[in-house]
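>>> Fold the following and give me the result.
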Amino acid sequence: MENIGYIYAACAYEAPESIEVVPFIFNKKQSTFAAMRLLSVALSLFLLSNIGQALALEKQGSKGASVTAIQSCLKQLGYFNASATGYYGSLTKSAVSKFQKDNGLAIDGIVGSDTKKNIQAKCSSQQATTNQANVLKVGSRGQDVKKLQQDLKQLNYFVGNPTDYFGPVTKDAVIGFQRSKGLTIDGIAGSTTLVAIKQSLAQGSNSGVGGENVTLRLGSRGAEVTSLQERLQQLNYFKGNTNGYYGAITRDAVIRFQKDKRLTADGIAGAKTQQAIDQAIQQIKPVPDKILPLPYGSCSDGKCPNLKPGDKNRYVTYLQTRLRDWGYFTSNANGNYSSETAEAVKRFQQDNQLIADGVVGPQTWQRIEIPRNSRNKCDRPILQRGDKGECVTELQDKLRGLGYFKGSSTAYFGNDTWEAVKQFQLNNELTPNGIVDSRTWKAIESTKVSANSYVVLVPVTSPYTLNEVRRFVSSAFITNTKLGTFVQVGEFKDSNGANQSSQNLRDRGFDARVERKDRL
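Below is the predicted model:
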């Protein structure tokens with residue numbers, strides 16, 4: 001009431017002289033309660049009228065109650081993080097500009113009529129939402145926020161370690177979830193959004209702590225979609241262009257695969273579908289190449305013709321064979337200089353300090369013709385899900401030494417390798433996309449194996465402990481230590497990551513604990 005009284009007084013003070021304030025005269029028989037209600041309505045109408053006029057054009061340098069109202073509203077919406085002072089300074093302008101950008105308005109930092117209407121509408125909508133129970137929004141704190149982040153992380157919308165603070169990252173995660181579910185996109189976890197999150201978790205389409213999978217569906221974009229398309233292409237389900245967009249063609253390819261594998265044919269590439277795709281690729285038996293059209297070393301003198309996309313001849317077949325020897329080309333050599341071949345050439349050229357134009361000239365030929373067994377180590381090509389070769393084996397060996405990869409080396413970049421790469425990237429402040437580029441290679445090779453790493457353990461209390469833990473961490477395994485028999489959930493280079501993983505499991509009812517590896 002103090003704020004309302006202040007704004008009312010300020011508006012009355014700044015109101016044009018032409019506005020006449022008409023006093024209210026109450027009949028003595030009217031109750032005090034009715035009088036107060038009528039006064040409240042009158043005040044609200046008066047405020048809306050005056051502030052509406054003031055909001056017609058506010059810009060940097062403006063002062064008054066209308067600016068206070070703007071700041072308060074923007075603060076409620078999470079755009080303005082300072083005190084509502086009534087002065088339109090640079091912070092207010094910046095907040096208005098960001099609001100305009102997010103709502104498709106002209107970005108000028110000025111509150112004109114369109115911006116006014118949008119601010120009022122959003123503020124009113126959020127105020128209605130805020131009045132609901134258990135609403136979480138920017139600025140909220142506590143265990144409810146942490147639980148929200150954990151749930152969104154399990155659904156692959158929240159990237160990072162859950163905390164108890166609702167900041168911009170959490171807001172973006174909520175917006176991403178709301179957008180995918182067709183909900184009102186406001187970045188606020190109200191009752192409708194929270195119920196939808198609970199329903200999505202109940203569907204069990206994603207795996208949980210430490211083993212999350214990106215669920216791809218119609219409308220998804222990015223490197224993971226490209227990888228999915230390429231893998232479906234290898235299985236002859238996807239016939240379109242690998243463009244990184246999950247459209248109708250990709251969805252139909254996923255549905256056909258799901259039907260063939262007796263999975264739920266919903267066209268959504270969740271954890272089970274992606275794992276089934278990886279398993280199907282591993283079962284593909286390579287078709288032996290025909291007799292090599294040229295003897296090894298034929299192009300080392302630079303006399304072989306230049307090759308470019310679209311060429312079809314025996315030299316292309318030989319090129320593909322040599323690229324496969326180097327670990328850059330995974331398909332069969334068919335003599336067709338396809339886009340896949342061009343990408344393999346570009347990666348090879350880039351890794352060998354050549355012009356990465358996809359055209360095979362004398363310099364590229366000479367570098368390709370260096371005997372494969374003369375190298376002491378893998379040349380660090382870009383690796384992602386679906387790749388094969390000894391470079392993948394070396395990657396798996398290194399990640400196992402660092403405690404991220406738990407399986408045996410298979411030379412195939414499947415789901416387990418992808419999860420290990422993502423966890424390493426997350427712990428080393430790299431983009432957690434599961435793609436091993438030059439930065440990730442460098443970080444892996446510069447990370448030393450520490451005997452003092454930390455492991456997360458769950459005591460084995462029944463024959464079902466391992467299976468119960470694997471519901472949330474698919475890579476968990478039984479380990480015998482000096483302290484007893486445990487399910488090992490994960491290994492971390494620092495205690496913070498281990499404690500976070502342990503807390504996630506404790507939140508799910510497990511007696512998880514953190515121990516130093518050298519004490520086991």
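
>>> Could you use CA atoms for every contact and neighbour count after this?
Fine.

>>> What sits closest to K312 if chain neighbours are left out?
Leaving out its chain neighbours, the residue that sits closest to K312 by Cα to Cα, 6 or more residues apart in numbering is N336, at 4.7 Å.

>>> my bad, should have said L136
Spatial nearest neighbour of L136, excluding adjacent residues (Cα to Cα, 6+ apart): A189 at 5.0 Å.

>>> how many other residues sit next to I435?
When neighbours are counted by other Cα atoms under 10 Å, I435 registers 20.

>>> Now do it against Q503, distance only.
28 Å (Cα to Cα, to the nearest Å).

>>> same check, this time on T92
Separation of T92 from Q503 (Cα to Cα): 39 Å.

>>> Those two - which one has more neighbours?
The residue with more neighbours, out of T92 and Q503, is T92; 26 against 18, by other Cα under 10 Å.

>>> List the residues that contact the residue nearest to L136.
Listed by Cα atoms under 8 Å, 6 or more residues apart in numbering, the contact set of A189 reads V135, L136, K137, V174.

>>> okay, these in CSV with pLDDT, distance to A476 and neighbour count next?
Shown next, in CSV, are the contacts of A189 (pLDDT from 0 to 100; distance: Cα to Cα, whole Å; neighbours: other Cα atoms under 10 Å):
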residue, pLDDT, distance to A476, neighbour count
V135, 86, 35, 18
L136, 89, 33, 24
K137, 88, 34, 25
V174, 88, 29, 26
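
>>> Just to be careful, could you list which of those residues are in helices?
Applying DSSP state H to the contacts of A189, the entries found in helices are V174.

>>> Output the contacts of A189 as JSON lines; include the columns distance to S125.
Output for the contacts of A189, formatted as JSON lines (distance: Cα to Cα, whole Å):
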{"residue": "V135", "distance to S125": "13"}
{"residue": "L136", "distance to S125": "15"}
{"residue": "K137", "distance to S125": "13"}
{"residue": "V174", "distance to S125": "17"}
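
>>> Closest to V316 out of the contacts of A189?
Of all these, V316 sits closest to V174, with 49.1 Å by Cα to Cα.

>>> surely that closest one meets G190?
No: when contacts are counted by Cα atoms under 8 Å, V174 is not listed as touching G190 (10.2 Å).

>>> show me what contacts R506?
With contact set as Cα under 8 Å, 6+ apart, R506 has these partners: A512.

>>> if we can go back for a sec, among the contacts of A189, which one lies nearest to S227?
Among these, and counting by Cα to Cα, the member closest to S227 is V174, at 25.6 Å.

>>> check contacts around that closest one.
V174 neighbours (Cα under 8 Å, 6+ apart): L152, Y157, G187, I188, A189.

>>> Quick one, which of those has the minimum pLDDT?
Among those, Y157 carries the lowest pLDDT, at 76.

>>> D172 versus that one, what's the distance?
According to Cα to Cα, Y157 stands 8 Å off from D172.

>>> Show me which of these two is the more surrounded one.
More crowded of Y157 and D172, by other Cα under 10 Å: Y157, with 21 against 16.

>>> I figured the more buried one was touching I175, is that so?
No: assessed by Cα under 8 Å, Y157 is found out of contact with I175, at 9.0 Å.

>>> Let me see the ranges of the helices in the stretch 101-250 of the chain.
Secondary structure of the stretch 101-250 of the chain (DSSP state H, counting those that start in this stretch): helices at 113-130, 143-154, 168-181, 191-203, 223-234, 248-260.

>>> Quick one, which of those helices gets closest to Q283.
For those, proximity to Q283 was assessed by Cα to Cα; helix 223-234 is nearest, at 11.6 Å.

>>> Counting by contacts, list what that closest one packs against.
Contacts defined by 3 or more Cα pairs under 8 Å, 6 or more residues apart in numbering; DSSP states H and E place helix 223-234 against helix 248-260, helix 271-282.

>>> Okay, Y412 and F238: tell me how far apart.
Separation of Y412 from F238 (Cα to Cα): 20 Å.

>>> And P432, by the same measure?
For P432, the distance to F238 - Cα to Cα - is 26 Å.

>>> Then G389?
Taken as Cα to Cα, the span from G389 to F238 is 23 Å.

>>> hang on, the earlier thing: in contact with the residue nearest to K312, which residues are there?
The contact partners of N336, by Cα under 8 Å, 6+ apart, come to G310, D311, K312, N313, V316, T317.

>>> switch the cut-off to 10 Å
Applying Cα atoms under 10 Å, 6 or more residues apart in numbering to N336 gives the contacts P309, G310, D311, K312, N313, R314, Y315, V316, T317, Q320.

>>> ditto for F329
Taking Cα under 10 Å, 6+ apart, one finds 319-323, 340-345, 347-348, 387-389 in contact with F329.

>>> again, only this time at 6 Å
L323, A344 (Cα atoms under 6 Å, 6 or more residues apart in numbering).

>>> Next, the distance between the ends of stretch 348-368.
Start-to-end span of stretch 348-368 (Cα to Cα) is 8 Å.

>>> Could I get the average pLDDT for that stretch?
84.

>>> how much space between the closest residue in space to G244 that isn't next to it in sequence and T215?
Of all residues not flanking G244 in the chain, T226 sits nearest, at 4.2 Å (Cα to Cα, 6+ apart). To T215, T226 is 13 Å away according to Cα to Cα.

>>> who has more neighbours, the two?
More crowded of T226 and T215, by other Cα under 10 Å: T215, with 21 against 18.

>>> any idea how far the more buried one is from L354?
Per Cα to Cα, T215 is found 37 Å from L354.

>>> same check, this time on P305
Separation of P305 from L354 (Cα to Cα): 18 Å.

>>> I281 too?
For I281, the distance to L354 - Cα to Cα - is 32 Å.

>>> more neighbours, the two?
I281 (17 against 14).

>>> Give me the spatial nearest neighbour of that one, chain neighbours excluded.
Excluding the flanking residues, the one nearest I281 by Cα to Cα, 6+ apart is L235, at 6.9 Å.

>>> Okay, helices next: where are they in the stretch 251-400 of the chain?
With DSSP H, counting those that start in this stretch as the criterion, the stretch 251-400 of the chain has helices spanning 271-282, 314-326, 339-351, 362-368, 390-401.

>>> pLDDT weak spots in the stretch 251-400 of the chain?
The model of the stretch 251-400 of the chain has pLDDT under 70 over residues 285-293, 302, 371-377.

>>> And the stretch 401-520 of the chain, by the same measure?
407-409, 448-452, 494, 518, 520.

>>> which stretches of it form strands?
Using DSSP state E, counting those that start in this stretch, the strands found in the stretch 401-520 of the chain span residues 454-459, 477-481, 484-492, 513-516.

>>> which stretch among the ones you listed comes nearest G222?
In terms of Cα to Cα, the element of those nearest to G222 is strand 484-492, at 28.0 Å.

>>> What strands flank the closest one, and is each parallel or antiparallel?
Applying DSSP bridges to the sheet, strand 484-492 is found paired with strand 454-459 (antiparallel), strand 477-481 (antiparallel).

>>> Pick the most buried one from these.
Ranked by mean neighbour count under mean count of other Cα atoms under 10 Å, the strands paired with strand 484-492 are led by strand 454-459, which reaches a mean of 24.

>>> one step back: for the helices and strands packed on helix 223-234, give me JSON lines that also has distance to G219.
Converted to JSON lines, the helices and strands packed on helix 223-234 look like this (distance: least, Cα to Cα, whole Å):
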{"stretch": "helix 248-260", "distance to G219": "9"}
{"stretch": "helix 271-282", "distance to G219": "17"}
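
>>> Provide the backbone phi and psi angles at the residue nearest to I281.
phi -90, psi 10 (degrees, to the nearest 10).

>>> and it, how many neighbours does it have?
Using other Cα under 10 Å, L235 is surrounded by 14 other residues.

>>> Same question for V195.
Residues within reach of V195, counting by other Cα under 10 Å, total 12.

>>> and if you look at the one 3 residues further on?
K198 has 13 neighbouring residues, counting by other Cα under 10 Å.

>>> Report the separation between it and T481.
Distance of K198 to T481, given as Cα to Cα: 38 Å.

>>> Restricted to buried residues, select the contacts of N336 in ChimeraX.
Buried residues within those, by 16 or more other Cα atoms under 10 Å, are selected in ChimeraX with:
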select :309,314,315,316,317,320
